[in-house]
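**Q** coords below, sequence missing:
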């Protein structure tokens, strides 16, 4: 009987050791939220990018920085002529990437997007990296970026640098229709089904 009790104690200790604190369902302490979740960069932004050496050509992106450190970026579609960086007649895809806080109002991010030629083939895989600093209001940021373009066969095709300026996309009040017809039968006639 004593051997059974000792054996049961050993098995119980092994089970506790295997499940230990934080390993069993419901036994974990609540994990803290990732630092990105409360950073003022979290949200959606309209970002204007100016590529060095390209005059006043500005590219506009919409970028969302998620509270989990993910990043989604969308561009205007077809590129304007920025031949020194991308070429001409090319289309950009959406970008996917990650970001991390580097300070209370600063962050670094990188994302990838594709450049497609006129037939839809991949012209290059591009990586954009940026550093940003939010203003005290948290509704605007400025920063710098670098681009690297890689051909489909893995060779460097070019690079670019520039500056960016962004404003937060906030909730806008819903606009009223400009000229709504009055709610009367004369103003909005209904189509009737002919009587048989």
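**A** Received, thanks. Here the structure is a predicted model, which means the values were calculated and not measured. Numbering: from 1, shown residues only.

**Q** quick one: low-confidence ranges for this structure?
**A** Counting by pLDDT under 70, the chain shows low-confidence ranges at 1-35, 76-88, 179-196.

**Q** just so I have it, where are all the helices in it?
**A** Using DSSP state H, the helices of the chain run over residues 2-23.

**Q** Buried residues of stretch 118-130, list them for me.
**A** Within stretch 118-130, the residues that qualify as buried are 123-128, 130, counting by 16 or more other C-beta atoms under 10 Å. C-beta: built from backbone N, CA, C; applies to glycine.

**Q** do the same with stretch 95-110
**A** Those would be 95, 97, 99, 101, 105, 107, 109-110, for stretch 95-110 by 16+ other C-beta under 10 Å.

**Q** Now that residue 48 has come up, it's in contact with residue 143, right?
**A** No: here residue 48 does not reach residue 143: they are 11.2 Å apart, not a contact under C-beta atoms under 8 Å.

**Q** any shared contact partners between these two?
**A** 164, 166 (C-beta atoms under 8 Å, 6 or more residues apart in numbering).

**Q** who's more crowded, the two?
**A** residue 143 (20 against 13; other C-beta atoms under 10 Å).

**Q** how about the closest residue to that one other than its chain neighbours, what does it touch?
**A** Distance criterion C-beta to C-beta, 6 or more residues apart in numbering; nearest residue to residue 143, sequence neighbours excluded, is residue 132 at 3.6 Å. By C-beta under 8 Å, 6+ apart, the contact list for residue 132 reads 41, 106-109, 141-143, 164, 166.
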